Each structure stands twice: as structure tokens, then as C-alpha cells.
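*Asks:* task: produce atomic coordinates for the following.
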Amino acid sequence: MKNKDWKFRRRSHRAGEVGQAMLLYILVLATFLLGALLFAFDLSNMWFRRQSAQSAADAACAAGAMDLLVDAQGGATGHQVFKLGQAYSCTATSSTSNPPDPVCWYAAQNGYNSNGTNNVVSVSFPTSVIGVTAPPASVAASPFIRVDVVDHVPTLFAGMVGGGTTKDVRAFSTCGVEEAAAPIPLLVLDPKNPSKQTSAFNVQGNPDVVIWGGPQQSIQVNSSDSTAVTIAGSAKVDLSLGGPNNTGSDLGTYGGPANAPGSNFLPGTTGQWRLSSPISDPFAQIAAPPLPSNPIQPVIMTALPNTTSPVVCPAPAGSAGCAEYSAGLYPNGLCVGKSCPKNPGSSCIGPSNTCIALFDPGIYYIQGDFSVDSNSCLRPSGAIGDGSGGVMFYFSGGGTVTVDANSGSKCTAPFLTAGYSSTASLLNGIRCKASSSLPANLSGVTSLTGNVLLAPCTGPAGLPGPYGDPYEYLGQTDPLGEQRGFLFFQDRSMKNANQSWGGGGSFLLAGTMYFHSCNAAGTGTGCGAAGTYYTDSFTLQGNSGSATYVLGDIVADNLALGGSSGITMDLNTSVTFNILKASIFQ
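*Replies:* You can find the predicted model right below:
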């Protein structure tokens, strides 16, 4: 019995200790799980704040890149508080100042006001970015911007382990401008609306501006004004046949209006009216032509149309004839018309006042005005000239272009009739290559009886050149062979120039028209501020009863299209240039 009692009591003692180790184990496990939960909460909160900081950095950086882009165009946005190349940190008042800093404002809108206590937003301007080729310094002096966001995140368990009550979460974004190949649309460069007209792109009256082919975006207006585009009255901008597939193209505007003006805008099935970033001057790297040494005088002709001479005067029988012009310097301007003064620059000869001007291929360096009066006719001469296949008019100094509304009325012979020209480029019409096909919308141009001006297809003697072949010169191509070079090239030092081409008679202009005011040196880079520069305008009109064609691109500070009839423009889909665009790199 004693042994049995002893065993019973021993077992009873052990049963009283059962579960104590389990309680300790549960306590330790619970502490660990609580710590892990708190640590997981800290990590998830830090991850969330890291994502938020990255979003803020991207948004702020993109805003800064847009200002870099607009600055490279030569027009301050009015909100660009920072100074290019000078690093700085945002403050609590940076986003509320007048005007606010755009980088700091976008960071604040995303929850990071850089008050120094909760977070800090820093801005710097790196000189290079890995994997990105910087554009030339002459185009964009400070092409890159970097935004760093440091968020002081409150912590629970992580703070107890590492010390302190906050952990820094960092994010950064690097943005800037880079060169990208893109087709050139109808480009209006003025960053702000001009004072001399209601809109940077102004279409009024009763015209139909019809654009065929070209890139998906046919028109770009860089003005930041909300009334940058006006299509008024019964005028229409018809892009329904624009774009690569002739099914519609876009009109892009940086400022506005935000919506298309109803039935005045016809985008087709694949086009749209949209807000878009500015596009830089595609010709900024092309220098002005050098000043020729000797003045040129026109040669008076009396020959009537025939099939043998390479230079043919399409004057009516019994008229005084034509004036043939050679490329070179015209120090007193160039005037075609009955009201022109009787000077070496006048081609109006004889009592009949039949003024027909024939232009040999080459560069016409005009100091003074280029005036074309009524009762006149402008045509290619058919001569070889410098071998470029066309003409470029360079307007130096303060001269203007004025073509009377009734110009072209004395072109009695249809363009490209048999024997009119002996050069391949003219026999093939507007084409620079015999293999290229004539655009369908210009199929009737061979019977055109108005003014005809054709820009060069190549440089002199058939070599690549910046004026006759800017596409190849800038490393681009024109496989279709339609696009010609510069037809009109304005001295960039000119300010407040009003250039005008009227359209009383039918006309064909084949080539690029470039009217841009940039700086006193006449270069295309380092342009002055809008209001002082970017002040030139080009007005193109087609009047009643006329067949008016423009084959090429228009790059101008401000552009007005009008008249009482229509203007058909054919843009080339295949030609691209390097332009600047804003991008996020890292």
C-alpha cells in the first residue's frame, strides 16, 4: 500500500505542472507574431509610400521636362520659376507662389509639399543620362532634369529595432528632351498668340482648306493661348482625306480651344482635334545661304512658246514677251507687275504691261521686297540653272512677300504643255523622281494656267544640299520623291514681318515655306522670347474661281488661311525630321 500511495502522489505532482511550458511558448510566439505583423505593416506602408513618392517624382519631372521643351522652342511658359542648370529644393511655399514652380506644384498635388519635416523634393539638372543621346547644345542648352523625393515615413516596430521613429523612403525620376524622327505637319511656332491677329492659326472667310495625305497629325499649333486656333464663319478645315491612309488626320494645339469648332472642322474617320505638346522648329540647324557677291539683272525675251528652246516664253502672241531671271543677288528687291518701278528688278516690259517672269533654278537672295502685281505670271524657265531643279527665294533684312490677289491672270499657256520644258523634273510635273506617282488630288495640275513655282529637288549640280534637299542633308529620306526643298526661306532676324500670297489666279506652290523670326543673328537656335521674336505671319489665300495647290509643308510663327475658295494642300507621309520631344527616361 505504501508503494501504491507513493506512486499516486508522484503522478499527482507532475499533473500540476502540465501546460506551463506551453504558456511560455505561446507568449513568445505571440510576441514574435506581433512583431512580424508590425514589421509587415511598416514594410507595406513604406512600399506604399515608395510608390506614392515615385508617382510624385514622375509627375513633377514630366512637368519640368515640358518646360524644358517649351524653353527649347524659345518661349517661356510663364510658370517656369526655376533657372535652367541651377539645382534647388522645393519649399512649403514653392507650389503656392505666384506663379508657382511647376515641378514643386505637381509634387505637392501628389502629396509631397517639401515642408522639410515630412518630405523633401529636390530638383537638379544632370548633364547626361545613361543610354540617352543628348540633343545638340545649340538646340537645348539644358536638356535633362531630375527630381528626387525623400519621404520621412513614421514607423512602429522598424523604428524600435533600428532606432528612431521614421525611415527615409527615396524615389527619383529623370526626364528631359530628346530628338525623335517625326513627319512635319503644318507647324505654327509662336508660343503665344500674336498681337496683330486673333489667333496663331487663323482660318476665316469662306475657304475650304483641304489637306491630303501626310502624317497622322497634319497641323500643330504651339501657342499656349486658349484661343490659339480660330476657324470662323463658313470656313472649314477639312482633314477627312489626310493621314497616311487618306481617312482623316489630327489637329493638335498646345493651348486650345479644348474642343473643335463644330462643323468647321472635318477630321475624317481616323482624325481628331486634340491637345498636344509643342513641336520644335525642324529647320533650326539649317543656316541661311551666304550673301552672293554680284547683283543679277533679268534678261528680256521675246520668244513665243515652241518645242525646241529649253527656255520658253509662254506669252500671248503680240505681247512684249517675258523676263528671264537668273539666281543670285537682288539688292533692290524683285518686282513683277505693271506697278513696279522701272529698275533692273522690274520685269514689266512694253506698253502692254504683260508681266511674265521666268525663273532659272537656283537661290534668289532678295534684299528688299518681293512684289508680284496683278496682270503677272510666274513660271519656271525650263533652263538648267544650277542643276537643282527648282528655285528658292531667300528674303533678307526687312523685306516682305506680297503677291497680289489677281496675280497669275497672264499665264495663258497651261503649265507642262508639250515642249514647255526640257528638264526631267519639270516634264514630270511636281515630282522630283520619275518613278514617283502624282498624287491623285493633283491629277489635273498639268492643265494649270496660273502661277507655278517649284522648289529645288537637290542641291546645286545634283548634290545633297540644305535648301534643295534638306531631308537628305539632315539624315532623312524621301523615298516617294514628291517632296521638294525650300521654296521660301525668310531671314530669321526679321521681326513683325507680314508675308502674303494672294490667289486671284490659279497657282501651284511646290516646296516648303518657312517664315520664322528667331534672333538678331538670323540663326535658328537660341531664339529670343515670344513677343520680341516669333512675331512673323504668313497669309495664304485662294480666291474665287481659282485652282490653288500647295505641295509641301508650312512652318511659320503665325499662319492665316483664307479667301473665298479653296486651298488644297498635299503633305508627304514619308518625309521625317528630327524634332524635340519630352520624355521620362528613368
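
*Asks:* any idea which helix or strand carries residue 103?
*Replies:* Per DSSP states H and E, residue 103 falls inside helix 102-109.

*Asks:* can you give the contact residues for the next helix or strand after that helix?
*Replies:* Using DSSP H and E, the helix or strand that follows helix 102-109 in sequence is strand 119-124. Strand 119-124 has contacts (CB atoms under 8 Å, 6 or more residues apart in numbering) with 53, 56, 60, 64, 82, 87-90, 103-104, 107, 112-114, 145-152. No exception for glycine: its C-beta is placed from N, CA and C like everyone else's.

*Asks:* in the stretch 451-586 of the chain, which spans are strands?
*Replies:* Using DSSP state E, counting those that start in this stretch, the strands of the stretch 451-586 of the chain run over 451-454, 486-490, 498-501, 507-510, 512-515, 537-541, 548-551, 554-556, 558-562, 566-571, 577-584.

*Asks:* how about those strands, which one is nearest residue 97?
*Replies:* Smallest distance to residue 97 across the strands of the stretch 451-586 of the chain (CB to CB): 23.5 Å, for strand 577-584.

*Asks:* which elements pack onto that closest one?
*Replies:* helix 20-73, strand 166-182 (3 or more CB pairs under 8 Å, 6 or more residues apart in numbering; DSSP states H and E).

*Asks:* which of these comes out lowest on mean pLDDT?
*Replies:* Note on the helices and strands packed on strand 577-584: lowest mean pLDDT is at helix 20-73, with a mean of 76.

*Asks:* tell me the angle the helix holding residue 103 makes with strand 119-124.
*Replies:* Here the directions of helix 102-109 and strand 119-124 differ by 160 degrees (axes from the mean of the first three to the mean of the last three CA atoms, to 10 degrees).

*Asks:* OK, contacts around residue 361?
*Replies:* The contact partners of residue 361, by CB under 8 Å, 6+ apart, come to 327, 380, 383-391, 456.

*Asks:* what does residue 204 give?
*Replies:* Going by CB under 8 Å, 6+ apart, the list of residues near residue 204 reads 230-233, 235, 560, 562.

*Asks:* repeat that for residue 86.
*Replies:* Taking CB under 8 Å, 6+ apart, we find residue 86 in contact with residue 125.

*Asks:* so it versus residue 123, what's the distance?
*Replies:* According to CB to CB, to the nearest Å, residue 86 and residue 123 sit 9 Å apart.

*Asks:* also residue 500?
*Replies:* 45 Å.

*Asks:* and what of residue 180?
*Replies:* Distance of residue 180 to residue 123, computed by CB to CB: 24 Å.

*Asks:* look at these two and report which has more neighbours.
*Replies:* residue 123 (23 against 13; other CB atoms under 10 Å).

*Asks:* which residues of the stretch 51-200 of the chain score low on pLDDT?
*Replies:* 73-80, 156-164, 181-184, 195-197 (pLDDT under 70).

*Asks:* change it to 80
*Replies:* 70-82, 94-99, 116, 136-141, 155-166, 179-185, 193-198 (pLDDT under 80).

*Asks:* how about the nearest residue to residue 52, chain neighbours excluded?
*Replies:* The shortest distance from residue 52 to any non-neighbouring residue, by CB to CB, 6 or more residues apart in numbering, is to residue 111 (6.2 Å).

*Asks:* number of residues surrounding that neighbour?
*Replies:* As a burial measure, residue 111 scores 15 neighbours (other CB under 10 Å).

*Asks:* isn't it right up against residue 54?
*Replies:* No. Between residue 111 and residue 54 there is no contact under CB atoms under 8 Å: 11.9 Å.

*Asks:* list residues touching both of those two?
*Replies:* With the criterion set as CB under 8 Å, 6+ apart, the contacts of residue 111 and residue 54 do not overlap.

*Asks:* thinking again about what came up before, quick one: which of the contacts of residue 204 sit in strands?
*Replies:* Of the contacts of residue 204, the ones assigned to strands by DSSP state E are 230-231, 560, 562.

*Asks:* ok, of these, which come out buried?
*Replies:* Burial by neighbour count, judged by 16 or more other CB atoms under 10 Å, picks out 230-231, 560, 562 from those.

*Asks:* need these in a markdown table (columns: pLDDT and distance to residue 186).
*Replies:* Below are these laid out as a markdown table (pLDDT from 0 to 100; distance: CB to CB, whole Å):
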| residue | pLDDT | distance to residue 186 |
| --- | --- | --- |
| 230 | 87 | 15 |
| 231 | 87 | 13 |
| 560 | 85 | 12 |
| 562 | 72 | 14 |
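
*Asks:* on that earlier part again, kindly reformat the contacts of residue 204 as TSV containing distance to residue 468.
*Replies:* Output for the contacts of residue 204, formatted as TSV (distance: CB to CB, whole Å):
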residue	distance to residue 468
230	35
231	34
232	38
233	39
235	34
560	28
562	30
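
*Asks:* how about those residues, which pair is most distant?
*Replies:* Checking the contacts of residue 204 with CB to CB, the most distant pair is 233 and 560, at 13.1 Å.

*Asks:* closest to residue 529 out of the strands of the stretch 451-586 of the chain?
*Replies:* strand 558-562 (15.7 Å).

*Asks:* strand 537-541 and the closest one, what's the angle between them?
*Replies:* Using the same axes, to 10 degrees: strand 558-562 against strand 537-541 is 10 degrees.
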